[in-house]
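>>> Here is a sequence with its predicted model. Questions after.
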Amino acid sequence: MSSDRDTTARAGKQRDLDRARVAPDDGALTTDQGIRVDDTDNSLTVGERGPSLLEDFHLREKITHFDHERIPERVVHARGSGAYGRFRPYDDSLAEYTAARFLCDPSVETEVFVRFSTVAGSRGSADTVRDVRGFATKFYTEQGNFDLVGNNMPVFFIQDGIKFPDFVHAVKPEPHNEIPQAQSAHDTLWDFVQLQPETMHMMMWLMSDRAVPRSYAMMEGFGVHTFRLVNAAGRSTFVKFHWKPKLGVHSLDWDETQKIAGKDPDFNRRDLWDNIENGAYPEFELGVQLVPEEDEHRFGYDLLDPTKIIPEEEVPVRKVGRMVLDRNPENFFAETEQVAFHIGNVVPGIDFSDDPLLQARLFSYLDTQLIRLGGPNFPQLPVNRPIATVRNHHRDGYHQTEIAQGRAAYHPNSLSGGCPALAGEGAYTHFPERVEGRKIRKRADSFADHYSQATLFWNSMADWEKGHIVSAFQFELGKVEHKHIREGVVAHLNEVDHELAVQVAKGIGVEPPKATGTPNHGRTSPALSQANTAADSPKGRKIAVLAADGVDSGVVASIGESLVGEGAVVEILAADDGTVQAANGARVEVTRRLATVASVLYDAVVVPGGQECVEALAADGDAVHFVAEAFKHCKPVAAHAEGRELLEKAGIAFTDDDPALIVASDASVLASRVGVAVASHRNWTRKKDHIPA
Ligand code: HDE
């Protein structure tokens, strides 16, 4: 392994970005033409109270630039957050399957830019809405840019890209009144669903906890479609791409998500930013499911159908490398907004399949950037520029920033010595797939099964996950005004699972189906359940410690000592900013005023002992609510000594079978139990319905 090369590769993209970085300096203010300006607060007017003059070039330029600051937001995935990072394969084992060097040379570290997003909402919408999350990665490889433009769910709503405008029109705010923002709970989406049963598998995912991730660092990513890996000898293997988060897959409580949308609409964005600033870097492993060409038809579903997964139990996910996100962008607009992903950006060794959704995407991504970024030169933008050298005869166009020298902008030429010459070695070669057939408009018969994998998903859920899914369907359909739409969806659910349909129907005033639809096949895929995910690290978690005068500072110290080193954040919350006086006379620094935060912004709450402190907290409605609400959202709630009294005041009943309800009189025991509980995320089976929201 060559460390010199690592440093060069690592520095490659960041060094390239340096060319565009403009640091603030202490020179004088100027216009865009470099004219020095001594007054930017007063327009040029006739006398003190007279009209403004058109000749005021500084006023005109300043206002004009401002008037043109906005560009169209993305038509989908408008709200997003980005970060830079690096990827390295574990070993060279993929060399047998692909010529893509960044996937099989462990001495190469490839820089990446990742943008996470929601799909339906506008650029300013809240982060924690029920929605799919985009997970798009740009690898700046030595062979050119490779974009893996995935989602946090492994299937999609439709099978053919020609339906995409219909689907997006249905899920976006309704056209007559532009309501609701960033919500799927409305008539047009569910109307589309009930008329288009190919959506059913994806709707199961969308109604599950996957649609409300706790953190971008705690969700899986999927390339969705079947792609191809092609090796140096030209042999193709089908592949599905996966991102597996090191922290496991964890989600928010639905009631909590709605409250966060008001308390901190930037919740996931802030989490990503803060964790990177704190050094708690999000980490993902890249996984692949490989299917030899000759096995294409051995599954009971079509590998080209994007509403199907290959269950991990059927073809294991092989982990081939690791990605770490370790650097925040410096300018949101320049980087996160202007980044342009394109599923067609592939490097030698990676190719497409004939999935009709994928094929339509190959058109859409380049097309959309032309309107969004205003012309064909967006690949020159700093965040989009490859580190591989670009040489071609493309010329001119809006926002051209390069000065292409020479006379010959055509091929072949003799005036530039024939340059750029056609690549010999290392050129991209399309896989010579053999295809033949008649031109027709017809969905393949092999795409006809819309229910059995929806059933597989349902069967694989833990009881608490099933409960959340039923509640989600009831919530969403409960907002649908047209009864026939509610009925239509229930009829489809009856084909997924009878019990599911009956439970949903009961909550939404629809007659439960009497007869079972398609019988449940009983198969499961345990990998689909979040109950089986990793839950062993408190990294990136936020723990609230409530405090008032008289607090036991030993508990505050123990919690900090045991968790901060593990990458968690501990915050001391009190009625006012400043300090509180501990029982031993020490001053304890307050991180935030209680009134500026809420329990929904934390993963766990700790109530230290100290009689005076606990009495003060018990008299403070905000503190009592904080504890009750954390308990309701199934979070670890911990009390030291007298702290228990606050929990009782909050209506919490103590049971022995709740590992996330912690009472201890020894501060270090308390701290270590909080650490374990917060790593385990939530006790989703807790009985808490009696606690008011
Ligand atoms: Fe996209 N999608 N999409 N999509 N998509 C866009 O491209 C489109 C689909 C995904 O952070 C747009 O630059 C069509 C599946 C992500 O900048 C647009 C179809 C998956 C992002 C577009 C799909 C995705 C986009 C809007 C059906 C998961 C955000 C802005 C044929 C595998 C990328 C843009 C970012 C963005 C079209 C379906 C993921 C309009 C036509 C399936 C993560 O080009």
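Okay, I see it. Residues are numbered from 1 along each chain as shown.

>>> Where in this protein is the helix or strand with the lowest mean pLDDT?
helix 3-18 (a mean of 67; mean pLDDT, DSSP states H and E).

>>> Would you mind writing the CA trace of the following helix or strand past that one as PDB?
Of the helices and strands lying after helix 3-18 in sequence (DSSP states H and E), the nearest is helix 57-67. The C-alpha trace of helix 57-67 is given here as PDB (Å, rounded to 0.1, in the frame of the first residue of the first chain):
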ATOM      1  CA  PHE A  57     -24.100  51.800 -10.900                       C
ATOM      2  CA  HIS A  58     -23.400  50.400  -7.500                       C
ATOM      3  CA  LEU A  59     -27.000  50.400  -6.500                       C
ATOM      4  CA  ARG A  60     -28.000  48.900  -9.900                       C
ATOM      5  CA  GLU A  61     -25.400  46.200  -9.800                       C
ATOM      6  CA  LYS A  62     -26.100  45.300  -6.100                       C
ATOM      7  CA  ILE A  63     -29.800  45.000  -6.700                       C
ATOM      8  CA  THR A  64     -29.500  43.200 -10.000                       C
ATOM      9  CA  HIS A  65     -27.200  40.500  -8.600                       C
ATOM     10  CA  PHE A  66     -29.600  40.000  -5.700                       C
ATOM     11  CA  ASP A  67     -32.600  39.700  -8.000                       C
END
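
>>> begin at 700 from here
Will do, 700 is the new start, and the previous item becomes helix 756-766.

>>> secondary structure element for the closest residue to Trp1163 other than its chain neighbours?
Nearest non-adjacent residue to Trp1163, counting by Cβ to Cβ, 6 or more residues apart in numbering: Trp1383, 4.1 Å away. All C-beta atoms are positioned from the backbone trio N, CA, C, and that covers glycine. Using DSSP H and E, Trp1383 sits in no helix or strand.

>>> what sits against Trp1383?
1161, 1163-1164, 1333 (Cβ atoms under 8 Å, 6 or more residues apart in numbering).

>>> so what's it scoring on pLDDT?
We note a pLDDT of 98 for Trp1383 in this prediction.

>>> What separation do you get for it and Ser742?
60 Å (Cβ to Cβ, to the nearest Å).

>>> Take the contacts of Trp1383 and lay them out in CSV including neighbour count and pLDDT.
Below are the contacts of Trp1383 laid out as CSV (neighbours: other Cβ atoms under 10 Å; pLDDT from 0 to 100):
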residue, neighbour count, pLDDT
Ala1161, 15, 98
Trp1163, 18, 98
Glu1164, 21, 98
Cys1333, 19, 98
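
>>> and of these, the nearest to the ligand?
Glu1164 (22.6 Å; Cβ to the nearest ligand atom).

>>> Now that that closest one has come up, it's in contact with Leu1227, right?
No. Contact between Glu1164 and Leu1227 fails when scored by Cβ atoms under 8 Å: they sit 9.2 Å apart.

>>> which residues touch stretch 969-980?
780, 782, 784, 815, 914-916, 963, 981, 1023-1027, 1238-1239, 1266-1268.

>>> all strands of the stretch 1100-1249 of the chain, in order?
Assigned by DSSP state E, counting those that start in this stretch, the strands in the stretch 1100-1249 of the chain fall at 1241-1245.

>>> The stretch 950-1099 of the chain now?
Counting by DSSP E, counting those that start in this stretch, the strands of the stretch 950-1099 of the chain are 982-991, 1017-1026, 1049-1050.

>>> Let me see the contact set for the closest residue to the ligand within the stretch 850-999 of the chain.
For the stretch 850-999 of the chain, the residue closest to the ligand is Gly860, as judged by Cβ to the nearest ligand atom, at 3.0 Å. By Cβ under 8 Å, 6+ apart, the contact set of Gly860 is 1055-1060, 1062-1063.

>>> interface residues of the stretch 950-1099 of the chain facing the ligand?
Proximity of the stretch 950-1099 of the chain to the ligand is confined to 1040, 1056, 1059-1060, 1063-1064, 1067 under the rule Cβ under 6 Å from any ligand atom.

>>> most neighbours, which of these?
Phe1040 (23 neighbours; other Cβ atoms under 10 Å).

>>> and that residue, what is it in contact with?
Here Phe1040 is in contact with 814, 835, 837, 846, 848, 1064 (Cβ under 8 Å, 6+ apart).

>>> go again using 6 Å as the cut-off
Phe1040 makes contacts with 835, 846, 848, as judged by Cβ atoms under 6 Å, 6 or more residues apart in numbering.

>>> next one: Gly1020
Here Gly1020 is in contact with 786-789, 985 (criterion: Cβ under 6 Å, 6+ apart).

>>> still on that earlier bit, do you know how far the residue nearest to Trp1163 is from Asn1158?
From Trp1383 across to Asn1158, the span is 18 Å (Cβ to Cβ).

>>> Give me the spatial nearest neighbour of the residue of the stretch 700-849 of the chain found nearest the ligand, chain neighbours excluded.
Using Cβ to the nearest ligand atom, the single residue of the stretch 700-849 of the chain nearest to the ligand is Gly833, 2.7 Å away. The shortest distance from Gly833 to any residue other than its chain neighbours is 3.7 Å, reached at Ser816 (Cβ to Cβ, 6+ apart).

>>> what's around that neighbour, how many residues?
Count around Ser816 with other Cβ under 10 Å applied: 26.

>>> And the average pLDDT for the helix or strand where it lies is what?
According to DSSP H and E, Ser816 maps onto strand 809-817. For strand 809-817, the mean per-residue pLDDT is 98.

>>> re the thing from before, how near is the residue nearest to Trp1163 to the ligand?
28 Å (Cβ to the nearest ligand atom, to the nearest Å).

>>> per-residue pLDDT, Pro723?
pLDDT for Pro723: 89.

>>> Count the neighbours of it for me.
Pro723, neighbours per other Cβ under 10 Å, totals 5.

>>> Phi and psi next, for it.
phi -60, psi 140 (degrees, to the nearest 10).

>>> if I look at it, how far off is Glu1029?
11 Å.

>>> Likewise for Gln1152?
Distance from Gln1152 to Glu1029, by Cβ to Cβ: 43 Å.

>>> more crowded one of those two?
Under the neighbour definition other Cβ under 10 Å, Gln1152 and Glu1029 were set side by side, and Gln1152 has more, 26 against 13.

>>> which residue sits closest to the more buried one in space, ignoring its chain neighbours?
His900 (4.9 Å).

>>> give the contact list for that neighbour.
854, 1006, 1152-1153.

>>> and of those residues, the nearest to Asp826?
Val854 (22.7 Å; Cβ to Cβ).

>>> Wait, a strand at the closest one?
No. Under DSSP: H, G, I helix; E, B strand; the rest coil, Val854 falls outside any strand and is assigned coil.

>>> ok now do it, which residues does it touch?
900-901, 1006 are the contacts of Val854 under Cβ under 6 Å, 6+ apart.

>>> Inside helices: which ones of the residues you listed?
900-901 (DSSP state H).

>>> pLDDT and distance to Ala1366 for the contacts of Val854 - can I get that in a markdown table?
Formatted as a markdown table, these follow (pLDDT from 0 to 100; distance: Cβ to Cβ, whole Å):
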| residue | pLDDT | distance to Ala1366 |
| --- | --- | --- |
| His900 | 98 | 49 |
| Met901 | 98 | 48 |
| Thr1006 | 98 | 52 |
